[in-house]
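1. Sequence first, predicted coordinates after that:
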Amino acid sequence: MVEIAVLLKQVPDTNAKIVVVGGRVDESAVTSWVTSPYDEYALEAALQHTEAAGGSITAITLGPARADKVLKDAAALGVTKLVRIWDDSWQDLDSKQVQSALANAVQAAGAELVYCGKQSADRNQGSTGPGVAELLGAGCVVEVSEFDAAGTTYLRPAASGSEKVTVAAPAVVTFTKTASDLRRPNVRGIMMAKRAQIDVVAGDVGSSTVNFNGHSSPAEKPPGKTYEGSGSVPEVVGLLRDEAKVL
Amino acid sequence: MVYEALDFYDVDSRLTEEEIMVRDMVRDWVEEEVLPKIEDACHKGVFLDEWRIALGEMGVLGAPLEGYGCPGLSYTAYGVICRELERGDSGLRSFASVQGSLAMYPIWDFGSEEQKNKYLPKMATGELIGCFGLTEPDYGSNPGDMITKAEDKGDHFLLNGAKMWITNGTISDLAVVWAKLDGVIRGFIVETGDEGYSAPEMKGKHSLKASVTSELVFQDCKIPKDRILPGVKGLRGPFSCLNNARYGISWGALGAAQACFDSAKEYALSRIQFDHPIAAYQLVQNKLAWMLREITKGQLLASELGRKKDTGDWIPEHISLAKMNNVDIALEIARMARDMHGANGILDEYCIMRHMANLESVKTYEGTHDIHNLILGRHITGIQSFTRSL
Ligand SMILES: Cc1cc2nc3c(=O)[nH]c(=O)nc-3n(C[C@H](O)[C@H](O)[C@H](O)COP(=O)(O)OP(=O)(O)OC[C@H]3O[C@@H](n4cnc5c(N)ncnc54)[C@H](O)[C@@H]3O)c2cc1C
């Protein structure tokens, strides 16, 4: 029997256009929000783990009401305990604040293992898993690509090749893309999700030690070069061979 | 990549949270498991068995039916499922329509308790496939004159006759067959393997190629007495099934239309002629605007009809209007999209010609376009004009 907390973050769809207005990402312009892809692999691993070893999963997210969707999606896959952490007064929480809110929720859920993505698709910081582990005083294995469904043995990249590690609980495990196919929900799961209760909890996250200055869009990519006419063929072939190294 | 459906009036915002989750589930599945395989399936003329399994696993078969292991979703959800499936291919939606509305529904509504328990749970999971035998070689639009007959032989029924154009026939485990018993139309369940029953596949279709179409042949076919559907007599039986299937088609056709519109829009923006994308020309924009207009009207029609089905406030004529209109505009949109793709429009690299050919069948089955006109004409005038004898 194993109690696993899965941390799920709602992020703009990876194809969504991100607009910065007044030094801030304009969230209202994001038309489609999804569960951060690596988190989906973490959830899949947790589902396989509890199926094999018994136990239960608590799905935890931190975000405003729209983030309920990631929990409902998890519920449709069979997760029964759903927690959303939020306080309307929160703005621009720093990583440490997020981690402490998540760590508190993990403790409240009584979970001995925490599964999450190796990084979120929006900020890509990769700090949440290790940060939560630090606060919980738990072991931490990052960038796991293979796992033993019934136990706590994980494969992760090492300096040359990969290493297999077994950790004792409490532990935080962060996942990269694994070979597992992500399961689809079904109608029965969706019906359960409709009835599933989400616990909304706030909490004291302390004050931020980081000063947020503003967002900015990435620089526009320079336009590609075009070559016309058969006379340019030798030059293009040369560039493909010597610069792009694709030939 | 998440598929962003064309929804100009945000009609899907009327959907419940549950209906949206069902939509997304089916949409993602079609995107990942159907679209990459559909052209090949059409070339080979097969309906992939993995699709049957997946539809069963997702739990969408017999969507609006409740109990006996059926999903118990709303009619609106059923419509949305049809739309998403038909964005993939009309053959896929046909499979689901026949299984749910034409084979499961009559057992669910008119079957005995034993029949419901025996067949429905396994049909909902896709373990058993059903088909619906109404049309005969000589009786299409007027099934009331069918000649397939059943005789009561004391301890069994004996069926004789033939059905034609039966979707899923060859791959089905059971057929709901409509035949005359003492001159009255009754429903019978015939199982594959029953003596005197065969279901050879009809080959050579240019349309609905990824769907199996068959003949059903009954030559002194012997079936046990408990295979008659006790709950209905006369044409009301098959027509109630058709009402549900036609309802689903009114949504489904929009899926095909949306696929054609998406392709036409993308193509028009990228195809350069006379130095500009063809989308920059007014004639082309006029076509795109017309497509958007008709799809949006069709969506409003389907959504409103869904609401009516869910509240029970509907009449069959409402369904006739929506089936006829939405298939009609979908076919016209497919043809227009074909034109906009130029020569490329005839290639299997694009979905256009496949949808166009499919929609020709969809226009004919489940009541031809004109039969629905006649149904509406009768409703308006009170005068039936199906036959010459008034
Ligand atoms: C791919 C495919 C799958 C099918 N699947 C099934 C199935 O699973 N089960 C099943 O039972 N059937 C099925 N059908 C049969 C379908 O329902 C019939 O084809 C349809 O009812 C029309 O019948 P018909 O083809 O005999 O055409 P007809 O009835 O001969 O019609 C020919 C033309 O005459 C017109 N017409 C007919 N009567 C009148 C009238 N009174 N006034 C004016 N015009 C009229 C029609 O509109 C049509 O244009 C399928 C058909 C196809 C193509």
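-> Good, I have the coordinates.

2. end to end, how far does stretch A:16-31 reach?
-> One end of stretch A:16-31 to the other measures 7 Å (C-alpha to C-alpha, to the nearest Å).

3. Going by neighbour count, list what's buried in that stretch.
-> Applying a neighbour-count criterion of 16 or more other C-beta atoms under 10 Å in any protein chain shown, one finds A:16, A:25, A:30 buried in stretch A:16-31. Yep, even glycine has a C-beta here, placed from its N, CA and C like the rest.

4. possible to save those residues as TSV with secondary structure and distance to residue B:52?
-> Supplementary listing: the buried residues of stretch A:16-31 in TSV, determined by DSSP: H, G, I helix; E, B strand; the rest coil; distance: C-beta to C-beta, whole Å:
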residue	secondary structure	distance to residue B:52
A:16	coil	34
A:25	strand	44
A:30	coil	37
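
5. What residues does chain A have near chain B?
-> Counting by C-beta under 8 Å from any C-beta of the partner chain, chain A comes close to chain B at A:13, A:15, A:31-32, A:34, A:72-73, A:76, A:184-188, A:190-191, A:193-194.

6. just the buried members of these?
-> Those of the residues of chain A next to chain B that meet the buried threshold are A:34, A:72, A:73, A:76, A:184, A:185, A:186, A:187, A:190, A:191, A:193, by 16+ other C-beta under 10 Å.

7. So which of these sit within helices?
-> Judged by DSSP state H, these include A:72, A:73, A:76, A:187, A:190, A:191, A:193 as members of helices.

8. on that earlier part again, which of the buried ones among the residues of chain A next to chain B sit farthest apart?
-> Maximum pairwise distance among these (C-beta to C-beta): 21.8 Å, between A:34 and A:191.

9. Shouldn't residue A:225 be within a helix?
-> No - when classified by DSSP: H, G, I helix; E, B strand; the rest coil, residue A:225 is found to be coil rather than part of a helix.

10. and it, how far is that from residue A:183?
-> Here residue A:225 is placed at a distance of 45 Å from residue A:183 (C-beta to C-beta, to the nearest Å).

11. These two: which has the busier surroundings?
-> residue A:183 (16 against 7; other C-beta atoms under 10 Å in any protein chain shown).

12. Please compute how far stretch A:103-111 lies from its chain's middle.
-> Between the centre of stretch A:103-111 and the centre of its host chain there is 18 Å, according to C-alpha atoms, centre = their mean, to the nearest Å.

13. One more: stretch B:57-68?
-> Counting by C-alpha atoms, centre = their mean, stretch B:57-68 is centred 16 Å from the centre of its parent chain.

14. show me what contacts residue A:23?
-> Residues counted as contacts of residue A:23 (C-beta atoms under 8 Å, 6 or more residues apart in numbering or on different chains) are A:213, A:214, A:215, A:216.

15. pretty sure the second one contacts residue A:92?
-> No - contact between residue A:214 and residue A:92 fails when scored by C-beta atoms under 8 Å: they sit 10.5 Å apart.

16. and which of the buried residues of stretch A:16-31 is nearest to residue B:47?
-> Nearest to residue B:47 among those is residue A:16, at 35.4 Å by C-beta to C-beta.

17. so how far is residue A:60 from residue A:198?
-> 11 Å.

18. More neighbours: which of the two?
-> Neighbours around residue A:198 and residue A:60, counted as other C-beta under 10 Å, are more numerous at residue A:60. The numbers are 30 against 17.

19. which SS class is that one?
-> Judged by three-state DSSP, the three-state class of residue A:60 is strand.

20. Would you mind checking the average pLDDT for the lengthiest helix in chain A?
-> Scanning chain A for the helix with the most residues, using DSSP H, yields helix A:37-53. Per-residue pLDDT over helix A:37-53 has a mean of 96.

21. What lies in contact with it?
-> For helix A:37-53, the external contacting residues (C-beta under 8 Å, 6+ apart) are A:1-2, A:4, A:6-9, A:14, A:35, A:55-57, A:59, A:70, A:74, A:77-79, A:113, A:115-121, A:144, A:147, A:149-151, A:173-178, A:180, A:182-183.

22. ok, which residues in the stretch 101-250 of chain B are in contact with the ligand?
-> By the rule C-beta under 6 Å from any ligand atom, the part of the stretch 101-250 of chain B lying against the ligand is B:132, B:133, B:134, B:135, B:140, B:141, B:165, B:166, B:167, B:208, B:213.

23. Any figure for the gap between residue B:364 and chain A?
-> Computed with C-beta to the nearest C-beta, to the nearest Å, the distance linking residue B:364 and chain A is 31 Å.

24. Spit out the contact partners of residue B:30.
-> B:84, B:85, B:87, B:88, B:92.

25. Bridged to residue B:276, which residues?
-> Here residue B:276 sits in beta bridges with residue B:273, going by DSSP bridges.

26. what about it, neighbour count?
-> A count of neighbours around residue B:276, defined by other C-beta under 10 Å, yields 10.

27. Next, work out how far apart it and chain A are.
-> As judged by C-beta to the nearest C-beta, residue B:276 and chain A stand 17 Å apart.

28. which residues are contacting the host helix or strand of residue A:68?
-> Here residue A:68, judged by DSSP states H and E, is contained in helix A:68-76. The contact list for helix A:68-76 (C-beta under 8 Å, 6+ apart) reads A:6, A:8-10, A:33-35, A:39, A:43, A:57, A:59, A:61, A:63, A:79, A:82-84, A:185-186, A:189-190, A:192-193, A:196, A:198, B:17, B:21, B:25.

29. likewise stretch A:125-135?
-> A:7, A:9, A:95-96, A:98-100, A:102-103, A:106, A:114, A:116-120, A:138-140, A:142, A:171-174.

30. Okay, and which of these map to strands?
-> Secondary structure defined by DSSP state E assigns A:7, A:114, A:116, A:117, A:139, A:140, A:142, A:171, A:172, A:173, A:174 of the contacts of stretch A:125-135 to strands.

31. which residues sit in contact with the last one?
-> Translated: residue A:174. Under the criterion of C-beta under 8 Å, 6+ apart, the neighbours of residue A:174 are A:38, A:42, A:115-119, A:126, A:128-130, A:140-144.

32. How about the contacts made by the residue of chain B found nearest the ligand?
-> Ranked by C-beta to the nearest ligand atom, the top residue of chain B for proximity to the ligand is residue B:140, at 1.8 Å. Residues in contact with residue B:140 (C-beta under 8 Å, 6+ apart) are residue B:165.

33. cool, the one 4 residues further on as well?
-> The neighbourhood of residue B:144, defined by C-beta under 8 Å, 6+ apart, consists of B:185, B:235.

34. Quick check: phi and psi on it?
-> As for residue B:144, its main-chain torsions (degrees, to the nearest 10) stand at phi -60, psi -20.
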